[in-house]
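Participant: pasting the sequence and the predicted model now:
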Amino acid sequence: MAHDENLGTGEAMIRRLDLLSFKNFRQATLKLGGFTVLVGTNAAGKSNLRDAFRFIHGMSRGYSLAEIIGEKWVEGGSLQWKGIRGGTKEAAFAGDRLFVVITGFSRLPDEFTHVIRVDVGTQRKIPVVSAESLYSYDRAKLMRYDSHPEVDPVKQNGREFRFIRLPRGGTNRKMGKKLQFSASQPILTQILESSETPVGVRRSAQLVQTALQSMRFLDLAPDAMRLPSLPGQDILGDRGENLSSVLLAICGDKAKKAAVLEWVRQLTPLDVQDLDFVSDQTGRVLVTLVESSGQRTSAYSASDGTLRFLAMIAALFGPKPAKFYFFEEIDNGIHPTRLHLLLQLIEQRVKDAGIQVVATTHSPQLLGFLSKESREFASVVYRLEGEKEGRICRIMDIPEAKKVLETQNLGRLHESGWLENAVAFMETPKEDK
């Protein structure tokens with residue numbers, strides 16, 4: 001069977017993200033597992049990593065680069081996409097014109113690497129794709145498509161176009177015909193729309209697009225979670241919108257409802273035995289927690305921490321879960337004594353449902369509760385004193401980290417400033433040590 005027909009049956013999962021001249025990262029690599037925790041001081045670059053993930057997510061949705069970096073509005077004046085903070089002027093490191101985002105995926109039996117280089121443009125010029133490629137790896141590296149290095153971009157009617165090369169197929173690893181695509185939009189989604197795209201290339205591109213489309217970026221806000229919502233609105237909004245209707249949909253499955261109630265009892269001090277959904281005159285419902293004593297607590301009066309727990313449960317157990325979640329400040333509003341239970345919930349769903357979770361935190365307690373498996377993909381995001389460049393280091397890659405963690409708690413090490421001191425020492429030239 002030809003290689004193109006033998007792509008396996010698993011789903012692609014993001015395993016690494018390489019950033020070159022993106023935001024405050026001149027050159028940085030983030031390695032990802034099922035659950036990846038990011039820790040670091042303010043302004044180190046944790047939110048810029050969120051922007052990098054949002055960039056590749058926007059790329060998968062068929063938006064132009066101007067829309068991905070800027071904003072996407074739809075008919076009726078509704079904002080569909082917020083864009084990347086700072087726009088084109090702050091998208092590249094230190095005023096550079098170009099940035100590169102490399103995304104590595106694993107999927108049995110193959111691995112995939114997608115590379116995109118973006119020219120953010122100058123004043124009055126739109127951002128364009130400078131180069132883009134997709135590779136797959138099993139026993140050998142195989143090009144799926146690649147920007148043509150020998151053909152300059154062309155301009156037609158004021159629009160710029162980029163040429164790419166395609167493989168010949170079969171066992172012939174030489175490149176075949178070239179196709180022309182708009183430079184203002186990532187090629188990944190354009191190549192899926194072309195009738196000239198070979199089946200194997202289309203399948204690989206579809207795999208990558210599907211992985212990047214199923215991403216959610218949750219920055220939960222109590223005011224949004226307290227709003228009633230209509231039954232059938234079963235996708236949780238980024239700020240926690242539709243919380244009540246998502247929970248209503250979950251409760252339609254007895255097994256899931258039992259699991260949710262058990263987690264609510266563990267994660268909160270409430271002895272919750274049921275969830276009730278009170279409807280208003282418009283048909284919208286609002287979740288109410290019913291305790292064994294008969295005490296009823298609606299979302300209006302529930303604590304911020306309880307609502308955050310409910311929203312995370314709704315995201316992870318909902319009828320339409322994503323494959324990738326980014327939680328900003330995951331410990332925000334949650335009592336330290338409940339953090340270990342929250343981690344258990346996430347680690348269990350990562351294992352059982354095959355999802356990925358990336359979370360930022362400032363909490364030493366949360367780091368201290370990480371399982372040995374989750375510690376493997378915890379990273380510190382940092383800046384050296386006097387420098388503007390952001391850097392990333394997997395905690396277990398810090399010299400002596402494994403030995404130190406045999407006797408020391410990671411949370412206490414973070415609280416004492418050991419992580420920042422260790423990475424700073426690691427970066428110090430030998431002659432200065």
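Facilitator: Cool, the structure landed. Residues are numbered from 1 along each chain as shown.

Participant: poorly predicted segments of the stretch 101-250 of the chain, please.
Facilitator: Scanning the stretch 101-250 of the chain for pLDDT under 70 picks out 108-109, 122-124, 138-141, 149-152, 168-176.

Participant: how about 50 then?
Facilitator: Applying pLDDT under 50 to the stretch 101-250 of the chain flags residues 170-173.

Participant: residue ranges of the strands in it, please?
Facilitator: In the stretch 101-250 of the chain, the strands defined using DSSP state E, counting those that start in this stretch lie at 110-119, 128-137, 141-147, 154-156, 159-169, 172-182, 215-218.

Participant: I'd like those as a markdown table, with mean neighbour count and distance to residue 205 appended.
Facilitator: Bear in mind the C-beta positions are built from the backbone N, C-alpha and C, glycine included. A markdown table is the format used below for the strands of the stretch 101-250 of the chain (neighbours: other CB atoms under 10 Å; distance: least, CB to CB, whole Å):
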| stretch | mean neighbour count | distance to residue 205 |
| --- | --- | --- |
| strand 110-119 | 21 | 9 |
| strand 128-137 | 21 | 6 |
| strand 141-147 | 20 | 7 |
| strand 154-156 | 10 | 23 |
| strand 159-169 | 18 | 11 |
| strand 172-182 | 14 | 12 |
| strand 215-218 | 20 | 17 |
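
Participant: a markdown table for these, including distance to residue 67?
Facilitator: Formatted as a markdown table, the strands of the stretch 101-250 of the chain follow (distance: least, CB to CB, whole Å):
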| stretch | distance to residue 67 |
| --- | --- |
| strand 110-119 | 13 |
| strand 128-137 | 13 |
| strand 141-147 | 21 |
| strand 154-156 | 21 |
| strand 159-169 | 15 |
| strand 172-182 | 13 |
| strand 215-218 | 16 |
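
Participant: quick one, which of the ones you listed is nearest to residue 45?
Facilitator: strand 215-218 (16.2 Å; CB to CB).

Participant: now what about the closest one, what contacts it?
Facilitator: 50, 53-54, 57, 236, 238-240, 311-312, 315, 322-328 (CB atoms under 8 Å, 6 or more residues apart in numbering).

Participant: buried subset of those residues?
Facilitator: Among these, those buried by neighbour count (16 or more other CB atoms under 10 Å) are 50, 53-54, 57, 236, 239-240, 311-312, 315, 322-328.

Participant: ok, and the closest non-adjacent residue to the spatially most distant residue from the centre of the chain?
Facilitator: In the chain, counting by CA atoms, centre = their mean, residue 293 sits farthest out from the average C-alpha position, at 41.0 Å. Distances taken as CB to CB, 6 or more residues apart in numbering put residue 271 closest to residue 293, at 7.1 Å, once the chain neighbours are dropped.

Participant: residues near the one you found, how many?
Facilitator: 13 (other CB atoms under 10 Å).

Participant: what sits against it?
Facilitator: Per CB under 8 Å, 6+ apart, neighbours of residue 271: 265, 291, 292, 293.

Participant: what does the pLDDT read for the second one?
Facilitator: Right, the one you point to is residue 291. Confidence at residue 291, expressed as pLDDT, is 96.

Participant: that one: neighbouring residues, count only.
Facilitator: Neighbourhood size, residue 291 [other CB under 10 Å]: 14.

Participant: report the contact partners of it.
Facilitator: 270, 271, 272, 273, 297.

Participant: for residue 214, same thing?
Facilitator: 322, 323, 324.

Participant: for the residues you listed, give me a markdown table that also has pLDDT and distance to residue 135.
Facilitator: Listed next are the contacts of residue 214 as a markdown table, based on pLDDT from 0 to 100; distance: CB to CB, whole Å:
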| residue | pLDDT | distance to residue 135 |
| --- | --- | --- |
| 322 | 91 | 25 |
| 323 | 93 | 21 |
| 324 | 96 | 21 |
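
Participant: and residue 38, what element?
Facilitator: If you go by DSSP states H and E, residue 38 is part of strand 35-39.

Participant: show me the contact partners of that strand.
Facilitator: 30, 46, 49, 346-347, 350, 356-362, 366-367, 370, 374, 377-381, 414, 419.

Participant: okay, now the sheet partners of it, with direction.
Facilitator: In the sheet, strand 35-39 lines up against strand 356-361 (parallel), strand 378-383 (parallel) (DSSP bridges).

Participant: and the helix or strand following it, what does it pack onto?
Facilitator: Sequence-wise, the next helix or strand beyond strand 35-39 is helix 46-60, with elements assigned using DSSP H and E. With contacts defined as 3 or more CB pairs under 8 Å, 6 or more residues apart in numbering; DSSP states H and E, the secondary structure elements packing on helix 46-60 are strand 13-22, helix 65-69, strand 98-107, helix 187-193, helix 199-213, strand 215-218, strand 324-327, strand 356-361.

Participant: how about a cut-off of 7 Å?
Facilitator: In terms of contacts (3 or more CB pairs under 7 Å, 6 or more residues apart in numbering; DSSP states H and E), helix 46-60 is packed against strand 13-22, helix 65-69, strand 98-107, helix 187-193, helix 199-213, strand 215-218.
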